[in-house]
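A.B. asks: I would like to see how this sequence folds:
(one chain, ligands or ions: 1)
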Amino acid sequence: MPDLLQIGGITDAMRDRLSERFTIHQATGDYPAEAITHIVTNGHDGVPADVLAKCTNAKMAASYGVGYDAIDTDACVERGIIVTHTPDVLNAEVASTTIMLMLASFRNLLADEAHARSGAWETDGNAPLSRSADNRRVGILGLGRIGQAIADKLKAFDADIHYHTRSQKDVPYTYHDTLVGMAKAVEVIICITPGGPSTNKIVNAEVMEALGPQGTLINVSRGSVIDEAAMVAALQSGKLGYAALDVFEEEPKIPDALKTMSNVVLLPHVGSATVETRAAMGALVVDNVLSHLDTGKTLTPVPETAHLNGS
Ligand code: A2R
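C.D. replies: Residues are numbered from 1 along each chain as shown. Here you go, the predicted structure:
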C-alpha cells in the first residue's frame with residue numbers, strides 16, 4: 001500500500017477509509033519521508049517547509065478546511081504537488097456562525113444569559129435593553145462562496161448589504177472599491193476573505209475608526225485579516241463599539257484584554273465545527289485523496305495548483 005503522511009488530527013471516519021488504501025504515518029513520529037506520496041493536513045497546520053523538503057515523492061496534499069494560507073502553494077507547485085481544500089461544504093455552517101455572532105453581539109446574549117442564570121433578574125430586576133439586529137447596514141469584506149451564503153442568511157434580518165472585494169461582482173448589493181469607504185457607510189463589517197499576504201491586517205485602525213463607536217466588527221475568516229493590537233486599542237478607547245470574533249492572530253491564544261471586555265463576543269474558531277459539516281469536510285478530503293490515487297485527478301484543487309490536476 002502507498003504511504004500517507006497525517007499532519008494534525010483526522011476523524012475516525014477519515015482514518016477508516018484512508019487505512020483501507022494507505023499505510024498512515026504520523027508527522028509527529030518517525031516516518032519514511034521518501035516513500036510518502038500523499039499528505040493529509042488542515043488549514044491550521046498546513047505543510048511545514050521541512051516536511052515538503054523531506055517528502056521528495058509527495059504528489060498531493062489534501063487540506064481539511066477551505067482556507068489554505070498555511071500552505072506554501074508556490075513551493076508545492078515547484079515540487080509538482082497538487083493541493084486540495086474543502087470549499088462549499090462549509091458555506092452554510094460558517095454563515096450560521098456569523099449570524100450567531102451578530103445576534104449574540106447585538107442582543108447581548110451572553111450578558112443576558114448570565115443575568116438569568118445568576119439570579120440577578122430576581123435581585124436586580126430586568127436586564128438592560130440590547131440593540132436590534134434587524135434592518136442594519138452590513139458590509140461584507142470578501143463576497144465569495146461563504147460571503148454570499150452570509151448575505152443570503154442576512155436577508156431574514158432585512159439587512160442592507162454592502163461589500164468590498166478587489167473586483168465588483170454581479171450582485172444586487174452596494175459595492176465599495178475601498179474598505180474605508182465601506183466602513184464609513186455601514187454599521188457592521190463581516191470579514192470573510194482568505195488569509196495570507198493580500199489581506200494581512202487590511203482591517204486597520206483607520207478602517208475601525210471609520211466603522212466607529214457604534215460599529216460592530218465580526219471576524220469569521222482569519223485572525224491575520226485584522227490588526228489585532230489596533231482592534232484592542234480601538235475597543236478600549238471606544239473608537240470601535242463592538243467585536244464578535246471566531247478567529248485570532250495567534251490561535252489558540254486570545255489577547256487577555258479581549259477576554260475582559262463586555263462589548264466583545266469570543267469563540268474558539270468554531271465557524272464550521274459541527275458534527276455534520278466536519279463529516280462533510282472530512283469526506284471531501286478523503287474523496288480527493290482517493291480520486292487522486294485512482295485517477296490522478298482531484299475534485300477540489302486550490303486554484304494555484306489546479307493546472308497540475310490530472311498531469
Ligand atoms: O477580491 P476578489 O474579487 O478576488 O474577491 C474575493 C475576496 N478577496 C478580497 N477582498 C478584498 N481584498 C482582498 N485582498 C481580497 N482577496 C480576496 O474574498 C472573494 O470574494 C472572497 C473569497 O471568496 P472565496 O475564494 O470563494 O472563499 P470562501 O470559500 O468564501 O472562503 C473565504 C475564507 C477562507 O479562505 C478561510 O480563510 C475562511 O473563509 O474560512
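
A.B. asks: Identify the residue nearest the residue of the stretch 101-250 of the chain found nearest the ligand in space, chain neighbours excluded?
C.D. replies: When distances are taken as C-beta to the nearest ligand atom, the stretch 101-250 of the chain reaches nearest to the ligand at G144, 1.7 Å away. Glycine gets a C-beta too; all of them are placed from N, C-alpha and C. Nearest non-adjacent residue to G144, counting by C-beta to C-beta, 6 or more residues apart in numbering: I192, 7.3 Å away.

A.B. asks: what sits against that neighbour?
C.D. replies: For I192, the contacting residues are V94, T98, I140, L141, G142, G144, I146, G147, I150, V220, S221, by C-beta atoms under 8 Å, 6 or more residues apart in numbering.

A.B. asks: Kindly provide the distance from it to I218.
C.D. replies: Distance, I192 to I218, using C-beta to C-beta, to the nearest Å: 9 Å.

A.B. asks: Which neighbours do those two have in common?
C.D. replies: T98.

A.B. asks: Name the SS class of the spatially most central residue of the chain, please.
C.D. replies: For the chain, the residue nearest the mean C-alpha position is S221 (3.6 Å; C-alpha atoms, centre = their mean). Judged by DSSP: H, G, I helix; E, B strand; the rest coil, the three-state class of S221 is coil.

A.B. asks: residues contacting it?
C.D. replies: S221 touches G67, L141, G142, C191, I192, T193, P194, G195, T199, V247, counting by C-beta under 8 Å, 6+ apart.

A.B. asks: In TSV, list those along with secondary structure and distance to S105.
C.D. replies: Shown next, in TSV, are these (DSSP: H, G, I helix; E, B strand; the rest coil; distance: C-beta to C-beta, whole Å):
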residue	secondary structure	distance to S105
G67	coil	23
L141	strand	17
G142	coil	19
C191	strand	14
I192	coil	16
T193	coil	20
P194	coil	24
G195	coil	22
T199	helix	22
V247	coil	15
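
A.B. asks: and the ligand, which of the residues you listed reach it?
C.D. replies: If you filter those for contact with the ligand, counting by C-beta under 6 Å from any ligand atom, you are left with G67, G142, I192, T193, P194, G195, T199.

A.B. asks: Among those residues, which one is most surrounded by other residues?
C.D. replies: Within the ones next to the ligand among the contacts of S221, I192 tops the neighbour count with 27 neighbours, counted by other C-beta atoms under 10 Å.

A.B. asks: Report the buried residues of stretch 298-309.
C.D. replies: By neighbour count with 16 or more other C-beta atoms under 10 Å, stretch 298-309 contains the buried residues T298, T300, P301, V302, T305, L308, N309.

A.B. asks: Tell me the one among those nearest to the ligand.
C.D. replies: Nearest to the ligand, judged by C-beta to the nearest ligand atom, of the buried residues of stretch 298-309 is V302 at 9.6 Å.

A.B. asks: Give the burial count for the spatially closest residue to that closest one that is not a sequence neighbour, as a bare number.
C.D. replies: Closest residue in space to V302, ignoring its immediate chain neighbours: V83 at 4.9 Å, by C-beta to C-beta, 6+ apart. Counted with other C-beta under 10 Å, residues neighbouring V83 total 28.

A.B. asks: List the contacts of V83.
C.D. replies: Contacts of V83 by C-beta under 8 Å, 6+ apart are M60, A61, A62, S63, Y68, I71, T73, C76, P301, V302, E304, T305.

A.B. asks: Near the ligand, which residues of the stretch 201-311 of the chain? Just list them.
C.D. replies: Residues of the stretch 201-311 of the chain lying near the ligand (C-beta under 6 Å from any ligand atom): S221, R222.

A.B. asks: all strands for the stretch 201-311 of the chain, in order.
C.D. replies: 216-219, 242-245, 264-266 (DSSP state E, counting those that start in this stretch).

A.B. asks: JSON lines for those strands, including mean pLDDT, distance to L18 and mean neighbour count?
C.D. replies: Output for these, formatted as JSON lines (pLDDT from 0 to 100; distance: least, C-beta to C-beta, whole Å; neighbours: other C-beta atoms under 10 Å):
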{"stretch": "strand 216-219", "mean pLDDT": "99", "distance to L18": "33", "mean neighbour count": "26"}
{"stretch": "strand 242-245", "mean pLDDT": "99", "distance to L18": "34", "mean neighbour count": "24"}
{"stretch": "strand 264-266", "mean pLDDT": "98", "distance to L18": "34", "mean neighbour count": "20"}
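
A.B. asks: now the ones you listed in JSON lines, with distance to R136?
C.D. replies: As requested, these are exported to JSON lines (distance: least, C-beta to C-beta, whole Å):
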{"stretch": "strand 216-219", "distance to R136": "8"}
{"stretch": "strand 242-245", "distance to R136": "12"}
{"stretch": "strand 264-266", "distance to R136": "16"}
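
A.B. asks: Show me which residues of the stretch 1-150 of the chain are close to the ligand?
C.D. replies: V66, G67, P87, V94, G142, L143, G144, R145, I146, G147.
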